[in-house]
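K.L.:
sequence and predicted structure below; questions after.
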Amino acid sequence: MPEQRITLSISSLLLILLAIPLLILLWQLRSLLLILMISVVLASSIEPVVNWAENYRVPRWLAVVLVYLTLIGVLIGAGLIVGPAIFEQIERLIRQIPVSLKSMFNLAENWVMGLSATRPELVDQLFHQVLDVQALTRWVIRSSQQLLVRSYGVTTGIVGGVFSLILAIFLSGYMLADSRTLIKNLVRLLPQPWDDRLAAQIAPMSDRIGSYIRGRVLVSAILGVVITISLSQLGLSDFALGLGAIAGVTNLIPFLGPILGAIPALVVAISQGGWAFLWVLLLYVIIQNLETYLLDPLLVGSSVGVHPLYQLLAVLGGAQVLGIIGALIVPPWIAGGAVLLENLYLRPKLMAERRQKTASPPLTGPPGSHGLESPADSTPAGG
């Protein structure tokens with residue numbers, strides 16, 4: 001077997017050395033990069049509406065302004081109508097959760113003591129010395145608060161609050177208004193033929209990112225309304241609007257969102273009694289299956305183009321690095337990156353392998369050999 005040697009040219013070494021300060025610079029500019037990522041997602045989400053308006057001879061810049069003013073007006077109007085009630089219910093919900101957790105541990109303690117009536121001292125020792133219900137309750141509350149604070153701190157530290165959100169909206173509007181010029185100037189930096197290849201992928205990438213976001217927003221809105229109405233019918237009308245809003249927001253996060261949205265509702269339902277807890281649990285199970293088997297295939301469809309395992313890893317990785325914002329932003333970017341991987345690498349690789357198989361001569365053995373030539377290959381061309 002010939003010995004293989006790995007050679008490193010001067011140009012490759014220079015590229016590696018230049019990549020190190022470039023990575024350091026990108027890390028220092030991570031706040032700006034995250035704003036750009038959010039801007040691209042926003043621009044991709046509303047681009048079809050802008051293109052539709054442009055087809056009716058509306059100037060593109062005017063279409064962008066009208067779309068953003070409409071969206072902002074709708075959000076402000078919805079906030080003024082239902083916002084106060086949602087925030088008031090969420091505030092009461094925060095006060096109710098510790099009480100419900102304590103009630104849950106008390107119910108568990110009473111249930112176990114009822115089953116162990118012959119040895120009550122053993123159960124009492126188990127709950128008060130081994131488990132320490134009060135300490136466990138305080139730990140759950142403290143851990144939840146720390147998780148929220150950490151997520152909020154990471155998010156605000158990187159995104160920069162309301163000002164950065166306004167900046168992201170402004171940048172996305174500029175991207176939409178002058179997208180053709182921006183794309184043309186960007187691809188000109190690449191050598192041929194990669195400039196044309198990359199330019200051809202901008203539209204499918206934008207379409208996939210936008211389709212993913214629009215589908216998730218629509219699914220989350222539907223589930224939020226359904227959960228609000230259902231919880232009102234199940235006796236949780238005092239918290240139904242707040243819990244529905246929480247479920248609608250958390251459902252924007254794939255996989256983990258429905259679980260996060262169900263936890264506060266289940267905790268509150270415990271204080272209402274065992275039957276209320278079972279009905280709420282059944283409701284969220286039905287909602288989860290409705291989303292998985294009906295709404296996602298119908299409204300989101302194959303817009304992601306990524307295996308569910310990779311989507312889950314994208315959610316976990318984004319949440320680990322960027323908090324809640326990362327769990328929302330990273331999956332659509334993974335979906336857009338899948339377009340590049342598919343069209344620029346996997347598909348050309350598959351076509352090259354097929355051409356190689358077609359161009360390679362058939363294997364034939366010496367005269368008289370058997371099994372090396374199929375009957376179809378031995379058929380004369382004129383046969």
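P.N.:
Good, I have the coordinates.

K.L.:
so which elements touch whatever helix or strand Ser44 lives in?
P.N.:
With secondary structure defined by DSSP states H and E, Ser44 is part of helix 30-55. The elements that helix 30-55 packs onto, with contact taken as 3 or more C-beta pairs under 8 Å, 6 or more residues apart in numbering; DSSP states H and E, are helix 60-115, helix 133-159, helix 162-177, helix 194-233, helix 324-341. (Each C-beta comes from the backbone N, C-alpha and C, glycine too.)

K.L.:
can you rerun that using 6 Å?
P.N.:
For helix 30-55, the elements it packs on are helix 60-115, helix 162-177, helix 194-233, judged by 3 or more C-beta pairs under 6 Å, 6 or more residues apart in numbering; DSSP states H and E.

K.L.:
report the angle between the last one and helix 60-115.
P.N.:
Between the direction of helix 194-233 and that of helix 60-115, the angle (axes from the mean of the first three to the mean of the last three C-alpha atoms, to 10 degrees) works out to 50 degrees.

K.L.:
do the same with the shortest one
P.N.:
Compare the direction of helix 162-177 with that of helix 60-115 by the same axes, to 10 degrees and you get 130 degrees.

K.L.:
residues making contact with the helix or strand that comes right after helix 162-177?
P.N.:
Counting by DSSP H and E, the next helix or strand C-terminal to helix 162-177 is helix 179-187. Applying C-beta atoms under 6 Å, 6 or more residues apart in numbering, the contact partners of helix 179-187 are 195, 198-199, 202.

K.L.:
quickly note the distance from Thr59 to Ala203.
P.N.:
You called it Thr, but residue 59 is Pro. Distance, Pro59 to Ala203, by C-beta to C-beta, to the nearest Å: 21 Å.

K.L.:
now swap in Ile94 and tell me
P.N.:
Applying C-beta to C-beta to Ile94 and Ala203 gives a distance of 45 Å.

K.L.:
same check on Met351?
P.N.:
Using C-beta to C-beta, we find Met351 at a distance of 21 Å from Ala203.

K.L.:
neighbour count: the two, which is higher?
P.N.:
Between Met351 and Ala203, Ala203 has the larger neighbour count (other C-beta atoms under 10 Å), namely 13 against 10.

K.L.:
OK, contacts around the more buried one?
P.N.:
Contacts of Ala203 (C-beta under 6 Å, 6+ apart): none.

K.L.:
quick one, grab the pLDDT at it.
P.N.:
As predicted, Ala203 sits at a pLDDT of 84.
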